[in-house]
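can you look at this prediction? I've put the sequence above it.
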Amino acid sequence: MLSNKSILITGGTGSLGKHLQNNFKKLARCKTFGDFFQEMSKSNFKWTKSFLFQKYKAIRYFIGDVRDFERLKRAFTGIDYVIHAAAMKHVHIAEYNPDECVKTNIGGAENVIKACLETNVTKVVALSTDKACAPINLYGATKLTSDKLFIAANNIKGSKDLKFSVVRYGNVMGSNGSVIPFFLNKKKEGVLPITDPNMTRFNISLKGGVDMVLHALDSAWGGELFVPKIPSYRITDVAKAVAPEAKLK
């Protein structure tokens, strides 16, 4: 299904983006779009002068910002499938910088949609979050808005062979800024901060997230919001599993 397709991932240097690349590294063309220089500096990969992996010639990196429509449009030229993973995802940062969160998560979604409508992209899968369901914070509210924009985009595509769908899942284990690496880092201090001991979270592995995206690419008709059945856990149980000797505060 993917072997002859050109795929672009926005936010491709994020946790899920990198795991998606591992699935696509043998494709004819896989491009990731975002601010990748920090990731390059930490990478063990060797690069060519054209920002291709020497080992995986299928993968190429573009630098850009989803707020920049013209850059997106150029990047989407010749692309078959788009996976939109770029977002401002940290709840506390979004609350402190609400205008920036809106520009990235909502304005960026609009730009991705418009760029797809003006190029020859045929499938779009936008990544969402469980926080978009009855949101109580700005991050969740912007992702709910983004989800609705992508679903509604199927109504304005006209006769184009273009399908928009959304994948909404929970907290990705081990992803950047998630609670497990946060607790592991705080473990050495002997105290783990808990916002609310009654809080629960939905949990999915990186592989599970990738599998959901691949399922959506394979089966979407356009207009779906895919929600997997995934387990939940109490935040206090995770804290005790990570650092049973630490105090919860």
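Right, received. Where do you want to start?

show me the shaky parts of the protein.
The chain contains residues with pLDDT under 70 at 1, 22, 25-58, 177.

once you drop chain neighbours, what's closest to the residue most central in space within it?
The chain has A85 as the residue nearest its centroid, 2.8 Å off, counting by CA atoms, centre = their mean. Nearest in space to A85, with sequence neighbours left out and distances taken as CB to CB, 6 or more residues apart in numbering, is G11 at 3.9 Å. All C-beta spots, glycine's among them, are computed from the backbone N, C-alpha and C.

the one you found contacts K89, doesn't it?
No - G11 is beyond contact range of K89, at 9.1 Å (criterion: CB atoms under 8 Å).

how close does the residue lying closest to N97 once chain neighbours are set aside sit to G222?
Nearest non-adjacent residue to N97, counting by CB to CB, 6+ apart: M88, 7.8 Å away. Using CB to CB, to the nearest Å, we find M88 at a distance of 27 Å from G222.

of these two, give the one with the bigger neighbour count.
M88 (19 against 16; other CB atoms under 10 Å).

list the contacts for R67?
K103, T104, G107, G108, N111 (CB atoms under 8 Å, 6 or more residues apart in numbering).

how about M88?
So M88 contacts A94, N97, E100, C101, T104, N105, Y139, T142 (CB under 8 Å, 6+ apart).

helices of the chain, start to end?
15-24, 37-42, 69-75, 91-96, 98-102, 108-117, 138-152, 179-186, 206-219, 235-242 (DSSP state H).

nearest to L162, of these?
helix 108-117 (6.3 Å; CB to CB).

could you export the closest one as CSV, keeping only the C-alpha atoms?
The C-alpha coordinates for helix 108-117 follow below in CSV (Å, rounded to 0.1, in the frame of the first residue of the first chain):
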residue,chain,number,x,y,z
GLY,A,108,-1.1,25.3,11.2
ALA,A,109,-4.0,22.9,10.6
GLU,A,110,-5.6,25.4,8.3
ASN,A,111,-2.4,25.8,6.4
VAL,A,112,-1.9,22.0,6.0
ILE,A,113,-5.5,21.7,4.7
LYS,A,114,-5.1,24.5,2.2
ALA,A,115,-1.7,23.2,1.0
CYS,A,116,-3.2,19.8,0.4
LEU,A,117,-6.1,21.3,-1.5
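
show me what that helix is packed against.
helix 69-75, strand 81-84, strand 123-129, helix 138-152 (3 or more CB pairs under 8 Å, 6 or more residues apart in numbering; DSSP states H and E).

who's in contact with it?
By CB under 8 Å, 6+ apart, helix 108-117 touches 10, 65-69, 72-73, 75-76, 82, 84, 86-87, 121, 124, 126, 145-146, 149-150, 153, 156-157, 160, 162, 164.
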